[in-house]
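Trainee: Got a sequence here, can you build the structure:
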Amino acid sequence: SCVNSSDIDANGSTVGGVAGRSAASMSHCYNYGNVAGNNYTGGVVGDISSKAIVNHCSNHGTVTGKSKAYTGGVAGDVSTGATLDSCANYGAVFGTGTNSGYVGGVTGGGTSSITLSRLVNHAPVTVSGGASTDYVAGIAGACGGTITDSYNYGAVSNTSYGTAGIAGYGVGKAYRCVNLGNVATTYTGTSKYGNAGGIWGHNGVQIYDCVNYGDVHGFASYIGGIAGDLNTYVRMDSCINYGNVFSNASSSHLAVGGVTGVCRGSMTRCLNTGNVSTVGHGTGGITGLVQSGTVDRCANLGDVVSTGQFPTSGNKNGMVGGIVGYTVSGAAFHDCYNMGDLSGPLNMGGLIGRAAATASSADIPLENCFTFGRLTVTGEGDPAIDALVMQRYEAKKSKNFAEADRIRDELKAQGIEVTDIPNGAKWKKI
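Mentor: A predicted model of the protein is given here:
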């Protein structure tokens, strides 16, 4: 039952408004001062040691991680075997350093066997340090254990990958969690593909009975309303996405979906009602890509749109699908349906945009599935024009404006009008 009302600004590690580290138990402790530190920085406690318990605590001040990792509104780091229960954050959380990863509205989290339960974040989480500020979320930056019955109301904004409403990363489990904040990442690299989701960003083992209401917006691949990347052996069951999902990616492929960006595990009884919009291929109402995964009893009610002018690749295979944008191998679909309208330049399907298989997996089961959505073709699909448009984009990107203008005039002479859009361009005949 401790209270802190003073501001704390330290240039060291393990910094908290009430305690730097808790090695036993803390209960009913409150922080009202602003807290800033370099590493392991929390509004109430900087680090919860192994097997320690922190419960019924709250933070009301601003928390800033200035340099390195593990920053949280209540606790910076949660060590192996520790528990954080029935805690709330009301203060804005910031990560400002170039390595300010593992940032959460309640806790920076932990990657091994932690227990997070009944946690609530009411404030925005903003990380601005650059492309190495990975794993940022409304509840926990990372979770290698379980998160149950937790709610995020704050907007989450990051400049790197692994961004989500509940947990950014970790081989963990989420049960009965709800996100109501918008999730956004400006990461444009290809090494981690963005990995943004309304509930979980990257990895995860089980995601059950979770709901996302926030919009999810990225500039790379693997973006989903519930999870960005549903990895091998991961199970998702009875999850609903109500938020809109956007990606303005400029990489070689997308994999963006209403529920998950990519599915390599299993999805059962999941629903998407939000609209999905991208600038390229691999766009689906349920998932963008299925690779050795199963989609069972899932439905899409949202519209799925691709502008189709992909700036750095001519590959438009599997542009838009009511259930999935495209498959690679080992995919299976059972008892799924689509009610959303679909729009794109070419290569669309009411259920699957492109179905691909390998010699070892020649068939893709598609059983008891149907679609009622309208398909609208918006593009011409001319490879020669696409190539010129991409050449013009690359010329502008390298600041060769004379060459870009020359290509634009050449296209105009052919009756083609080019319009610049974020991270690319689209064209139409005039």
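Trainee: Using the three-state scheme, assign the closest residue to S100 other than its chain neighbours.
Mentor: Excluding its sequence neighbours, the residue lying closest to S100 (CB to CB, 6 or more residues apart in numbering) is G129, at 4.4 Å. In this view, the C-beta of every residue, glycine as well, is placed from N, C-alpha and C. On the three-state scheme (DSSP: H, G, I helix; E, B strand; the rest coil), G129 is labelled coil.
Trainee: try I385
Mentor: I385 carries the three-state label helix when classified by three-state DSSP.
Trainee: Contact partners for it?
Mentor: L411, Q414, I416, W427 (CB atoms under 8 Å, 6 or more residues apart in numbering).
Trainee: these two touch, right, the third one and K429?
Mentor: Yes: applying CB atoms under 8 Å, one finds I416 in contact with K429, separated by 6.2 Å.
Trainee: So which of these two has more stuff around it?
Mentor: Using other CB atoms under 10 Å, the more surrounded residue of I416 and K429 is I416, with 18 against 10.
Trainee: one step back: and the residue nearest to S100, how many neighbours?
Mentor: By other CB under 10 Å, the residues close to G129 number 22.
Trainee: What distance do you get for the closest residue to A140 other than its chain neighbours to H281?
Mentor: Nearest residue to A140, sequence neighbours excluded (CB to CB, 6+ apart): G109, at 3.6 Å. G109 sits at a distance of 34 Å from H281 (criterion: CB to CB, to the nearest Å).
Trainee: for D77, same thing?
Mentor: Counting by CB to CB, the gap from D77 to H281 is 40 Å.
Trainee: And for P365?
Mentor: Taking CB to CB, one finds P365 at 23 Å from H281.
Trainee: for G198, same thing?
Mentor: G198 is 22 Å from H281, by CB to CB.
Trainee: Also Q291?
Mentor: The span separating Q291 from H281 equals 15 Å under the rule CB to CB.
Trainee: and if you look at V211?
Mentor: 28 Å.
Trainee: again with M348
Mentor: For M348, the distance to H281 equals 10 Å [CB to CB].
Trainee: next one: S128
Mentor: Taking CB to CB as the measure, S128 and H281 are separated by 31 Å.
Trainee: Compare those two (neighbour count), which wins?
Mentor: Legend: neighbour count by other CB under 10 Å for S128 and H281, higher for H281 (30 against 15).
Trainee: would the more buried one count as being in a strand?
Mentor: No: using three-state DSSP, the assignment for H281 is coil, not a strand.
Trainee: isn't S238 right next to V259, touching?
Mentor: No: in this structure, S238 is not within contact of V259 by CB under 8 Å, at 11.4 Å.
Trainee: more neighbours, those two?
Mentor: The neighbour comparison of S238 against V259 (other CB under 10 Å) goes to V259, with 36 against 15.
Trainee: show me what contacts the more buried one?
Mentor: With CB under 8 Å, 6+ apart, V259 has these contacts: 224-227, 236, 239, 241, 267, 270-272, 286-287, 298.
Trainee: Quick check: the farthest pair among those residues?
Mentor: Pairwise distances across the contacts of V259 (CB to CB) peak at 14.2 Å, for the pair A227 and L271.
Trainee: Mind checking which of these two has more residues around it?
Mentor: Neighbour count, other CB under 10 Å: between A227 and L271, A227 has more, with 40 against 21.
Trainee: hey, what's the more buried one bridged with?
Mentor: W200, T260 (DSSP bridges).
Trainee: Confirm for me that it is in contact with M236.
Mentor: Yes: counting by CB under 8 Å, A227 does reach M236; the two are 6.8 Å apart.
Trainee: Okay, helices next: where are they in the chain?
Mentor: Taking DSSP state H as the criterion, the chain carries its helices at 383-397, 401-413.
Trainee: Which residues does the shortest one contact?
Mentor: Translated: helix 401-413. With CB under 8 Å, 6+ apart as the test, helix 401-413 has contacts from I385, L388, V389, Q391, R392, A395, K396, E417, V418, W427.
Trainee: Can you give me the buried ones in it?
Mentor: Neighbour-count burial for helix 401-413, with 16 or more other CB atoms under 10 Å as criterion, is recorded at A404, I407, R408, L411.
Trainee: with these in mind, which one is nearest to H56?
Mentor: H56 has its nearest neighbour among those in A404, at 60.5 Å by CB to CB.
Trainee: Next one: the closest one from E417, what distance?
Mentor: A404 is 15 Å from E417, by CB to CB.
Trainee: Now do the same contact list for S27.
Mentor: By CB under 8 Å, 6+ apart, the contact list for S27 reads S1, V54, N55, H56, C57.
Trainee: What is the most widely separated pair among these?
Mentor: The span of the contacts of S27, defined through CB to CB, is set by S1 and V54 at 13.2 Å.
Trainee: Please say which of the two ends up with more neighbours.
Mentor: A direct count of neighbours by other CB under 10 Å for S1 and V54 places V54 higher, at 27 against 8.
Trainee: Now do the more buried one against A255, distance only.
Mentor: 38 Å.
Trainee: repeat for V328
Mentor: Distance, V328 to A255, by CB to CB: 10 Å.
Trainee: one step back: pLDDT check: weakest of the contacts of S27?
Mentor: Among those, S1 has the lowest pLDDT, at 85.
Trainee: For that one, list the residues it contacts.
Mentor: S1 touches S27, H28, C29, counting by CB under 8 Å, 6+ apart.
Trainee: R176 now?
Mentor: Neighbour list for R176: T148, D149, Y208, D209, C210 [criterion: CB under 8 Å, 6+ apart].
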